[in-house]
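this is a predicted model, with the sequence first.
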Amino acid sequence: MGALLWLLIPVLAALAATLWSTWVTRNRKSGDVAELAGYARFRAAMEKEPPAPDPASDTV
């Protein structure tokens, strides 16, 4: 009976490794629409002109 318990340890480890590997390699579809919208916001932010500095607030 003790030998079967020792054999159970690697079997359970193999099962856990299989479950973990299927979880890691799952197909995560977040959608291209959300990614493209984020990229469009990034481009819009990069194309904005920086605000002109206010000469009255310059305390040099």
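Perfect, thanks for sending it.

could you list the low-pLDDT ranges of the protein?
Scanning the chain for pLDDT under 70 picks out 29-31, 58-60.

what's the single longest helix in it?
Across the chain, the helix with the greatest residue count (assigned by DSSP state H) is helix 2-24.

what sits up against that helix?
Residues outside helix 2-24 that contact it (C-beta atoms under 8 Å, 6 or more residues apart in numbering): none. From N, CA and C alone the C-beta is placed, and that goes for glycine too.

and it, how far out from the chain middle?
On the basis of C-alpha atoms, centre = their mean, to the nearest Å, helix 2-24 sits 28 Å off its chain's mean C-alpha point.

repeat for stretch 21-41
Its chain's C-alpha centre and that of stretch 21-41 lie 9 Å apart, by C-alpha atoms, centre = their mean.

for that stretch, output the C-alpha coordinates as CSV.
The C-alpha coordinates for stretch 21-41 follow below in CSV (Å, rounded to 0.1, in the frame of the first residue of the first chain):
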residue,chain,number,x,y,z
SER,A,21,0.4,24.0,-19.0
THR,A,22,-3.1,24.1,-20.5
TRP,A,23,-4.0,27.2,-18.4
VAL,A,24,-0.8,29.0,-19.5
THR,A,25,-1.2,28.2,-23.2
ARG,A,26,-4.9,29.1,-23.4
ASN,A,27,-6.0,31.4,-26.1
ARG,A,28,-6.6,34.8,-24.5
LYS,A,29,-8.7,36.9,-26.9
SER,A,30,-9.1,40.4,-25.6
GLY,A,31,-10.3,41.6,-29.0
ASP,A,32,-8.7,43.7,-31.7
VAL,A,33,-11.3,46.4,-31.2
ALA,A,34,-10.1,47.3,-27.7
GLU,A,35,-6.4,47.2,-28.8
LEU,A,36,-7.1,49.3,-31.9
ALA,A,37,-9.0,51.9,-29.8
GLY,A,38,-6.2,52.1,-27.3
TYR,A,39,-3.7,52.6,-30.2
ALA,A,40,-5.9,55.3,-31.7
ARG,A,41,-6.0,57.1,-28.3
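
next SSE downstream of the longest helix of the chain?
helix 32-47 (DSSP states H and E).

tell me the buried residues in that following helix?
Residues of helix 32-47 include none that count as buried (16 or more other C-beta atoms under 10 Å).
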